[in-house]
Every structure is written in C-alpha cells, then in structure tokens.
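[1] give the three-dimensional model of this entry:
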Amino acid sequence: MKRAAHPRSLAAAGCLALLASLLAGCAQPNRYDGLTIVPLEEVRPRAAHAPGDGGPTLGVAFGGGGVRGFVHLGVLKAFDEAGIRIDVATGTSVGALAASLKASGLTYGEIARLAYTTGRFELVDLVISREGAINGRAYADWIRKATGGKPLRDFPIPIGVTVVDIEAGIALLVVDGDPGEAVQASATVPGTVIPVRSNGRTLVDGGVLSVVPVRFARAMGAEVVVAVDIFCGRIPPLKGNAVDTVLNTLRLQSCLLSQDEIAGADILIRPDFEPDDPVSFAQRDAAIAAGYTATAQALPEIRARLAARIVQPAPDAGRQMPALDAGAGGARLRTMNQ
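    Predicted coordinates:
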C-alpha cells in the first residue's frame with residue numbers, strides 16, 4: 001500500500017510551482033517578417049573605402065560562443081587603440097551582438113559601459129513554452145535600445161547577421177531590418193530559446209552552421225577578413241556529467257562544420273579564454289584581457305595586409321555554405337585546435 005504524501009511536501013511542491021509561474025511569463029510568438037534575409041550567393045558587396053583611403057577594405061567576422069562574447073570587447077579595444085577602422089562587420093550569436101554594437105556607431109567606451117552595467121538577467125525573459133524556456137524578446141529589446149532603434153541598413157558600418165533556417169538546413173544572412181530581431185534570431189539556441197519565424201522560415205542560432213561568418217564578410221565586400229573565433233580553439237575536458245557531454249558534443253559538431261570557413265580568413269584571432277561557468281559574467285575582465293592580448297599580437301599582420309594594394313581572394317570565397325546533410329560531416333579535426 002502506497003503512503004500518502006506528507007502535507008508539508010505537497011505544500012512545498014505547490015510553493016515551487018507558484019514561484020516558477022510567477023518568474024516565468026507567457027510566451028509570445030517571435031514572428032518577425034520585416035527582416036531581409038538572403039543566402040550567401042545573393043549577398044551583395046557593401047563595404048566601401050573611407051574618403052582618401054586606397055587600401056583594401058577590412059571585414060571582421062565576430063564568432064559565436066555565449067558568455068565568451070566579452071572577448072570581443074578586448075578585440076574592439078585593441079582595434080580602437082591602434083586606429084584600425086572596420087569597413088564591414090558580420091557576426092554569429094553573441095558575435096552578432098558585438099558586430100551590431102560596433103556597426104551602429106557606438107564608440108569603444110560606450111560599448112564597454114554597456115558591458116559593465118548590464119546584468120545577465122536583463123537579457124533573459126523566462127517563459128513557459130514547449131518550444132523553449134526563454135522567449136528572446138528581452139534580448140531583442142535591449143539591443144534595439146542600445147543601437148538607437150535604426151534599421152541595419154542605416155548603420156554607419158555595413159553589417160550582416162548570421163542565422164540558420166533549421167528546416168531548410170542552410171545558413172543565411174540578415175542584411176536589413178530591426179537589429180534586435182536580427183540578433184535575437186542569431187542567438188536563438190535550439191531547444192532553449194523559442195525560434196524566430198520570418199517570412200516562412202524558422203530561424204535559430206547561426207552558430208549551428210557558421211560559428212564565425214567569414215564567407216559572409218567576404219561576400220559583403222571585405223578584401224581582408226579577420227576572423228575572431230572564441231569557441232573552437234580550446235575544447236575543455238569533460239566534467240563527467242551528461243549535460244556537459246551533450247554540450248561538448250554539439251560544440252564539436254559546430255566547430256567541425258565551420259573549420260573550413262574559419263580557415264578561409266586572412267587572419268585568425270583565437271584568444272585563449274574558457275569560462276569556468278558558461279552563463280556567468282564574473283570573468284568578463286579575463287575575457288576582455290584575452291581578446292585584447294590576442295588582437296595586439298595580430299596587429300602587425302593586420303597592418304601589413306591593409307598596407308597591401310593587391311589582395312588575393314580566398315579560394316573558398318564563392319563556395320556554398322554547408323548544409324545539414326551527410327556530406328558536411330567529412331571535415332577533419334586536425335586543424336581545430338591549432
């Protein structure tokens with residue numbers, strides 16, 4: 001005969017259920033039909049020389065990687081101090097956040113203030129939904145406000161935001177529309193954040209197929225492409241639990257699918273930083289320092305490339321982005337940790 005549950009256990013369970021319902025709101029559909037989204041072959045060059053500058057155009061592809069995104073702030077600091085101007089920016093996931101802040105015209109100081117005054121819970125809206133535990137709209141609202149509310153086409157620096165059509169299995173580029181909606185879509189981690197739907201497409205995190213959007217930067221007109229990879233350089237050892245094993249497996253798959261694209265960059269910046277906690281902001285100083293150091297080391301090569309008058313296009317610049325099929329699994333691991 002089964003024992004009846006203790007009244008205090010029932011009360012505790014009821015309190016937890018009530019607390020969860022209070023903390024989590026009702027999900028809202030992420031339907032954004034105002035985004036202009038194109039495949040690689042339809043991306044048009046937009047990078048342009050500054051007046052009086054005859055050197056090659058510089059594109060920076062900011063990679064995805066969650067809380068490791070603070071690394072990008074160190075990259076921007078080094079660029080700012082060196083007086084190097086970015087002509088076109090592309091970004092995936094948290095890299096799309098960095099790209100949008102920079103491309104919107106914010107100074108390094110303004111971006112740094114945002115990074116240090118924003119708490120992680122300001123960017124998260126918990127919901128009760130079978131599609132995910134996070135709606136994503138709070139993130140979009142924050143980005144829209146931070147970038148001034150103007151559409152992507154009006155940003156001073158041309159920008160492209162990478163997303164993945166999860167049903168078609170292809171990487172795409174958002175080239176116009178609301179910046180908050182675009183970056184939200186690019187950072188929509190499958191199974192965690194409710195997908196974005198736009199003009200018949202179901203969009204998720206761009207890092208599923210393009211961790212560092214080098215090819216899109218090239219397609220937008222960048223003659224010299226700097227790839228900032230914050231995700232695939234150093235895979236940490238397993239912690240011995242099922243969740244960590246699954247996350248590392250997904251990370252390995254994404255990095256394998258993206259390694260040829262990353263290798264197509266003219267210059268690769270791969271800072272040495274791996275957070276102790278994948279969702280904490282506590283190590284942002286260390287992340288920023290790692291990004292700054294790695295970029296400072298790359299500056300001589302960047303300057304040399306920008307001083308050149310003739311730039312040879314990367315051999316894979318016009319190749320199709322990888323799709324979700326068996327053929328994409330032929331990548332080798334040998335270059336991932338170099």
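
[2] confidence score at D276?
    For D276, the pLDDT comes out at 86.

[3] that one is in contact with Q283, isn't it?
    Yes - under the contact definition of CB atoms under 8 Å, D276 touches Q283, with a separation of 6.6 Å. Where you see a C-beta, it was placed from the backbone N, CA and C, and this is true even at glycine.

[4] so those two - more neighbours on which side?
    Neighbour count, other CB atoms under 10 Å: between D276 and Q283, Q283 has more, with 18 against 9.

[5] remind me, longest helix of this protein?
    When the chain is parsed with DSSP state H, its longest helix is helix 284-307.

[6] distance from that helix to the middle of the chain?
    Offset of helix 284-307 from its chain centre (CA atoms, centre = their mean, to the nearest Å): 19 Å.

[7] so which residues make contact with that helix?
    Helix 284-307 is contacted from outside by 55-56, 58, 67-75, 77-79, 82, 84, 115-116, 224, 226, 228, 230, 266-267, 269-273, 275, 311, using CB atoms under 8 Å, 6 or more residues apart in numbering.

[8] can you give me the helices for the stretch 51-200 of the chain?
    Remark: helices assigned in the stretch 51-200 of the chain by DSSP state H, counting those that start in this stretch are 70-82, 94-103, 108-117, 137-146, 179-186.

[9] TSV for those helices, including distance to V127 and mean neighbour count?
    Below are these laid out as TSV (distance: least, CB to CB, whole Å; neighbours: other CB atoms under 10 Å):
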stretch	distance to V127	mean neighbour count
helix 70-82	26	23
helix 94-103	21	29
helix 108-117	25	14
helix 137-146	9	19
helix 179-186	14	30
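
[10] how about CSV for these, with mean pLDDT and distance to T192 added?
    Listed next are the helices of the stretch 51-200 of the chain as CSV, based on pLDDT from 0 to 100; distance: least, CB to CB, whole Å:
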stretch, mean pLDDT, distance to T192
helix 70-82, 98, 20
helix 94-103, 98, 14
helix 108-117, 96, 22
helix 137-146, 97, 12
helix 179-186, 98, 13
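
[11] mind putting those into TSV with distance to R153?
    Shown next, in TSV, are these (distance: least, CB to CB, whole Å):
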stretch	distance to R153
helix 70-82	22
helix 94-103	11
helix 108-117	21
helix 137-146	15
helix 179-186	10
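
[12] looking at those, which is closest to R251?
    With CB to CB as the measure, helix 94-103 is the member of these nearest R251 (14.1 Å).

[13] packing partners for the closest one?
    For helix 94-103, the packing partners by 3 or more CB pairs under 8 Å, 6 or more residues apart in numbering; DSSP states H and E come out as strand 58-62, helix 70-82, strand 88-92, helix 108-117, helix 137-146, strand 159-165, helix 179-186.

[14] if we go to 6 Å?
    strand 58-62, strand 88-92, strand 159-165, helix 179-186 (3 or more CB pairs under 6 Å, 6 or more residues apart in numbering; DSSP states H and E).

[15] between helix 284-307 and it, find me the angle.
    In this structure, helix 94-103 runs at an angle of 70 degrees to helix 284-307, with axes from the mean of the first three to the mean of the last three CA atoms, to 10 degrees as the basis.

[16] which residues touch helix 94-103?
    62-64, 69, 72, 89, 91, 111, 147, 155, 157, 159, 161, 179, 183, 186 (CB atoms under 6 Å, 6 or more residues apart in numbering).

[17] which intervals of this protein have sub-threshold pLDDT?
    1-25, 49-54, 309-338 (pLDDT under 70).

[18] distance-wise, check the most centrally placed residue in it relative to A298.
    By CA atoms, centre = their mean, the chain has its centre lying nearest to S93, at 2.2 Å. S93 is 22 Å from A298, where distance means CB to CB, to the nearest Å.
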